[in-house]
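**Student:** Structure for this input, please:
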Amino acid sequence: MHYFFLYNLILFFSYSQFINCQEQISINYNSPVISFEKELIDLGSFMQYDDSSSRCEFVFTNTGKEPLIIYKAKGSCGCTVPNWPKEPIMPGDSGVIKVNYDEKRVGSFNKSITITSNAQNSPKIVKVKGKVNAIPKTSEQPIKKQSSLAPRAN
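**Tutor:** Here you go, the predicted structure:
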């Protein structure tokens with residue numbers, strides 16, 4: 001009987017330690033919330049090297065009750081470069097995340113930008129899509145001549 005009591009006592013303390021080790025999740029209902037006017041921007045079709053057409057802006061508002069701080073905005077690849085406000089956005093205020101797509105790459109694209117912040121709804125993902133059309137080749141482009149150092153095909 002003594003062993004039964006000791007076993008239950010050890011079991012009780014082990015279980016109580018397990019319960020105390022559990023991570024407590026708390027929700028701050030006053031924390032900031034990032035709300036975007038648009039979460040997808042379609043740039044449509046534009047010509048290669050048309051820098052102004054490859055840019056867009058995601059407008060957002062802090063609809064929470066505390067200042068919003070954006071820690072990072074990261075494009076899904078190196079061809080999508082975001083620029084975000086580094087200062088806190090006060091409750092009710094708006095901000096802009098500017099995005100530039102590499103307009104030298106020809107073809108359709110569908111890219112995402114992940115925004116990490118102190119908001120309740122972080123991380124937040126917004127998307128940009130469009131199509132880059134190749135510039136037509138003209139006869140005015142220089143003709144490439146074969147190097148005298150390269151082997152010649154017979």
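**Student:** give the contact list for the nearest residue in space to Pro88 that is not next to it in sequence.
**Tutor:** Spatially, and ignoring its direct neighbours in sequence, Pro88 is nearest to Pro67 (3.9 Å; Cβ to Cβ, 6 or more residues apart in numbering). All C-beta spots, glycine's among them, are computed from the backbone N, C-alpha and C. For Pro67, the residues meeting the contact criterion (Cβ atoms under 8 Å, 6 or more residues apart in numbering) are Pro32, Pro88, Ile89, Met90, Pro91.
**Student:** quick one, phi psi at Pro67?
**Tutor:** The phi and psi values for Pro67, taken as degrees, to the nearest 10, are phi -60, psi 140.
**Student:** what about the strands in this protein?
**Tutor:** For the chain, strands defined by DSSP state E occupy the ranges 34-36, 40-47, 55-62, 70-75, 80-83, 94-101, 107-117, 124-133.
**Student:** Just the buried residues of the second one, please?
**Tutor:** Right, the one you point to is strand 40-47. By 16 or more other Cβ atoms under 10 Å, the buried positions in strand 40-47 come out as Ile41, Leu43, Phe46.
**Student:** what's the answer for the longest one, then?
**Tutor:** Of the residues in strand 107-117, those buried under the neighbour-count criterion (16+ other Cβ under 10 Å) are Phe109, Lys111, Ser112, Ile113, Ile115, Ser117.
**Student:** So which residue is smack in the middle of the chain?
**Tutor:** Thr114 (1.7 Å; Cα atoms, centre = their mean).
**Student:** ok, Asn28 to Asn118 distance?
**Tutor:** Counting by Cβ to Cβ, to the nearest Å, the gap from Asn28 to Asn118 is 10 Å.
**Student:** One more: Ala134?
**Tutor:** Plainly put, Ala134 is 43 Å away from Asn118 if you go by Cβ to Cβ.
**Student:** tell me how far the ends of stretch 28-39 are from each other?
**Tutor:** Taking Cα to Cα, to the nearest Å, stretch 28-39 runs 24 Å from one end to the other.
**Student:** pLDDT of that stretch, averaged?
**Tutor:** Average pLDDT, stretch 28-39: 89.
**Student:** what about Ala134 and Asn118, which has more around it?
**Tutor:** Set Ala134 next to Asn118 and count neighbours by other Cβ atoms under 10 Å: Asn118 wins out with 17 against 10.
**Student:** That concludes my questions; thank you for your assistance.
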